[in-house]
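Novice: have a look at this fold, sequence not included:
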């Protein structure tokens with residue numbers, strides 16, 4: 001077999017020179033050339049191109065130069081009715097990189113045969129021996145009747161899934177068809193910029209009839225949750241959350257016929273504003289190299305949620321950094337990460353009740369996957385700037401795994417220690433034990449019975465928790481959850497010298513289009529009643545039902561009744577409409 005070098009060059013150059021998209025593929029191979037042992041393809045010289053009649057007066061450009069041209073991958077739907085004009089007479093040098101391509105023939109030295117080269121492979125890999133027995137025969141479908149319409153629907157029967165776009169989309173849209181536009185290199189060639197601004201969130205309006213210990217309330221309230229996302233790169237963004245109809249824990253509402261006006265575009269006690277990104281990607285971009293490590297970082301008024309929100313769920317003024325996706329074969333840790341955080345202001349904690357400017361928070365938490373389960377370990381030191389006797393250490397530990405493929409279990413403990421002063425004046429000196437259990441049924445995603453046990457000794461506190469999320473038992477059951485919008489009643493969620501159980505069933509529709517939760521919960525008091533929130537034993541029943549109207553709207557209904565010893569009984573019912581955008 002023979003080949004003619006000049007004819008091969010002419011044919012190849014005529015095909016490649018007509019499209020920059022082909023050159024972009026070559027450019028991507030050029031980036032990975034240092035990692036792979038590919039056969040080298042030598043570029044023709046300028047004099048050879050002039051002799052072949054392929055050179056022009058324009059200087060030679062590489063395929064990498066084509067990637068930011070305005071005519072790259074033109075599309076009518078993308079650029080408008082009239083696409084931009086193509087690049088006039090492009091002359092590109094697509095031979096100047098190492099590619100996974102057959103080597104060119106050398107007619108001067110090997111005119112009668114083709115050179116044989118080993119396949120191009122990663123230098124860190126080895127070729128395996130081929131065995132025909134490694135591959136089975138083709139499947140036989142003779143028993144399945146042929147349906148041409150069904151086969152055509154694989155290609156022609158597709159349709160767009162209804163999606164809710166953000167309220168505002170500037171820059172690159174959230175959902176779109178077609179190619180991604182060219183990126184910018186403002187922060188370096190390895191941390192490319194594609195700017196986009198989204199405004200999204202939800203609007204909620206709810207009516208509730210609450211019979212509380214202090215009296216009856218008929219409440220119609222609404223709230224607007226706005227999320228502002230300004231993306232610079234794939235890993236760096238500025239984010240802000242605003243609740244214009246909220247100030248503290250109060251929402252704009254009509255309470256027993258009286259209008260309560262609340263309007264505050266930004267409240268540092270409840271809203272957030274922060275920057276987050278990856279330090280490795282940032283350094284890599286500015287040094288024109290690929291990131292050697294990953295380290296997510298954030299700073300500002302940042303929301304922190306750890307251990308399912310039981311140990312921490314709050315927005316604070318501070319910083320945080322994570323060492324992610326590590327493993328330790330010696331300890332049999334398949335995956336773990338470590339997050340370090342420091343909060344200097346706006347810390348919500350029952351250790352300093354009603355004063356978010358008093359406490360500071362410093363600590364770390366880790367997530368460890370090992371031996372079929374995972375651990376979550378967190379430590380925080382709470383520094384009270386106004387009363388040093390209230391400084392204390394907070395430790396949160398949990399372990400989650402599945403047993404016998406029948407029960408999914410989480411064991412949690414929160415320990416508070418270190419406060420000084422009289423015992424009656426301490427605000428965080430307790431222990432909380434919590435066991436969460438979900439039965440794995442034959443329909444594990446539709447039928448989920450659960451039974452959660454808890455016991456709180458003295459005054460256990462989470463490391464930080466916004467007042468809107470209630471007490472430390474907020475996620476233990478729906479009878480301990482208030483909606484924060486209408487003041488919907490709950491059983492005592494402080495776990496202050498109480499123990500009890502919340503059991504129920506969570507039902508999801510066959511198409512996950514509706515949800516029903518029915519629950520019974522009970523708690524008993526124990527120990528000293530000094531400072532205890534619950535005056536006596538409590539028993540409650542409740543339900544929650546949610547159903548979507550469209551892909552952006554849903555209805556939710558709640559009802560509960562609680563029998564309280566040494567106190568008036570409580571009950572409540574509410575209906576809510578939510579629009580997500």
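Specialist: Structure received. What you see is a predicted model; the values in this text were computed from it and never measured. Numbering: from 1, shown residues only.
Novice: now do the SS call for residue 323.
Specialist: strand (DSSP: H, G, I helix; E, B strand; the rest coil).
Novice: ok, the spatially closest residue to it that is not a sequence neighbour - how many residues close by?
Specialist: Distance criterion CB to CB, 6 or more residues apart in numbering; nearest residue to residue 323, sequence neighbours excluded, is residue 338 at 4.7 Å. In this view, the C-beta of every residue, glycine as well, is placed from N, C-alpha and C. The burial count assigned to residue 338 is 15, neighbours taken as other CB atoms under 10 Å.
Novice: helix or strand for residue 338, which one?
Specialist: Element membership for residue 338, per DSSP states H and E: strand 333-345.
Novice: surely residue 256 is in contact with residue 218?
Specialist: Yes - contact criterion CB atoms under 8 Å: residue 256 and residue 218 qualify, at 5.6 Å.
Novice: of the two, which one has the most company?
Specialist: Using other CB under 10 Å as the criterion, residue 256 and residue 218 rank with residue 218 on top: 13 against 9.
Novice: now the more buried one: how far from residue 342?
Specialist: For residue 218, the distance to residue 342 equals 44 Å [CB to CB, to the nearest Å].
Novice: what of residue 329?
Specialist: Distance, residue 329 to residue 342, by CB to CB: 32 Å.
Novice: quick one: list the elements packing against the strand holding residue 338.
Specialist: strand 296-306, strand 312-328, strand 359-370 (3 or more CB pairs under 8 Å, 6 or more residues apart in numbering; DSSP states H and E).
Novice: repeat that for 7 Å
Specialist: Packing partners of strand 333-345 (3 or more CB pairs under 7 Å, 6 or more residues apart in numbering; DSSP states H and E): strand 312-328, strand 359-370.
Novice: can you redo those as a markdown table with mean neighbour count?
Specialist: Supplementary listing: these in a markdown table, determined by neighbours: other CB atoms under 10 Å:
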| stretch | mean neighbour count |
| --- | --- |
| strand 312-328 | 19 |
| strand 359-370 | 20 |
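Novice: could you dump the ones you listed to a markdown table with distance to residue 233?
Specialist: Below are these laid out as a markdown table (distance: least, CB to CB, whole Å):
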| stretch | distance to residue 233 |
| --- | --- |
| strand 312-328 | 17 |
| strand 359-370 | 25 |
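Novice: distance to residue 206 and mean pLDDT for those strands - can I get that in CSV?
Specialist: Output for the helices and strands packed on strand 333-345, formatted as CSV (distance: least, CB to CB, whole Å; pLDDT from 0 to 100):
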stretch, distance to residue 206, mean pLDDT
strand 312-328, 21, 95
strand 359-370, 32, 96
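Novice: tell me which of those sits nearest to residue 207.
Specialist: strand 312-328 (26.7 Å; CB to CB).
Novice: pLDDT score for residue 534?
Specialist: On pLDDT, residue 534 comes in at 93.
Novice: now it, nearest residue through space, not along the chain?
Specialist: residue 492 (4.0 Å).
Novice: my guess is the one you found is in a helix, correct?
Specialist: No - checked against three-state DSSP, residue 492 lies outside a helix; its state is coil.
Novice: what's near enough to touch it?
Specialist: 498, 523, 533, 534, 538 (CB atoms under 7 Å, 6 or more residues apart in numbering).
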